[in-house]
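> Pasting the sequence and the predicted coordinates here, then a few questions.
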Amino acid sequence: MKVLINLVLLYPSTAEEYAEAPLLELPFDAALAGTEIMSCELQLTLEDFLTIKRLMHAYYNVQRSSDASFILKHPVFVDDSLRGTVPKVIRELTSEAEDITTQEALLAEKDAEISALKDEVARARTASFLIAYERRKELFHNRSKV
């Protein structure tokens, strides 16, 4: 269900009306009395609210019943008007949660890659240090023979 409303905001007709809700605490302007000062269009999409209202009605039937076996005799979600109906807002929240989970998984993968690269760099530094150490040791040993 969608509702489209056109609104026109009128300046108060009298100083008394204006005093009830002054605009930015400015003084009443008699020249503007009763004139249109703004118009706008308001659009409401109420589809999800109607679905929620139907769902809540089903819960109210269960809550109001004095029969302990009411829910067994009248299963709440077997009503065909409610079957498979998930409000759009819930679908969007679920989708956002899935996106966040996916992003968190990607971040965890990237963190693991960074950790592996850091380990590799540390091993390479150690290896190059050992190679340089062995070369210096060899040079020193060769110089001491001469």
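Yes, it's here. Numbering: from 1, shown residues only.

> Who are the packing partners of the helix-or-strand element of the chain with minimal mean pLDDT?
Between all helices and strands in the chain, the lowest mean by mean pLDDT, DSSP states H and E belongs to helix 70-73, at a mean of 73. When contacts are defined as 3 or more Cβ pairs under 8 Å, 6 or more residues apart in numbering; DSSP states H and E, helix 70-73 packs onto helix 47-64. Bear in mind the C-beta positions are built from the backbone N, C-alpha and C, glycine included.

> so how far is the helix it packs on off the chain centroid?
25 Å (Cα atoms, centre = their mean, to the nearest Å).

> quick one: buried residues of the least confident helix or strand of the chain?
For helix 70-73, a neighbour-count test (16 or more other Cβ atoms under 10 Å) marks nothing as buried.

> which outside residues touch that helix?
The contact list for helix 70-73 (Cβ atoms under 8 Å, 6 or more residues apart in numbering) reads 61, 62, 65, 67.

> Could you report the pLDDT at the residue nearest to the first one when sequence neighbours are not counted?
What it means is residue 61. Leaving aside its chain neighbours, residue 61 sits nearest to residue 74 (7.0 Å; criterion: Cβ to Cβ, 6 or more residues apart in numbering). Looking at residue 74, its pLDDT reads 70.

> What strand or helix carries residue 110?
Element membership for residue 110, per DSSP states H and E: helix 88-145.

> now do residue 38
Remark: residue 38 resides in strand 36-45, with elements defined by DSSP H and E.

> And the average pLDDT for that strand is what?
Mean pLDDT, strand 36-45: 89.

> Now do it against helix 88-145, angle only.
80 degrees (axes from the mean of the first three to the mean of the last three Cα atoms, to 10 degrees).

> What about residue 125, how many residues nearby?
10 (other Cβ atoms under 10 Å).

> Report all helices and strands that the helix holding residue 110 contacts.
Judged by 3+ Cβ pairs under 8 Å, 6+ apart, helix 88-145 is in contact with helix 47-64.
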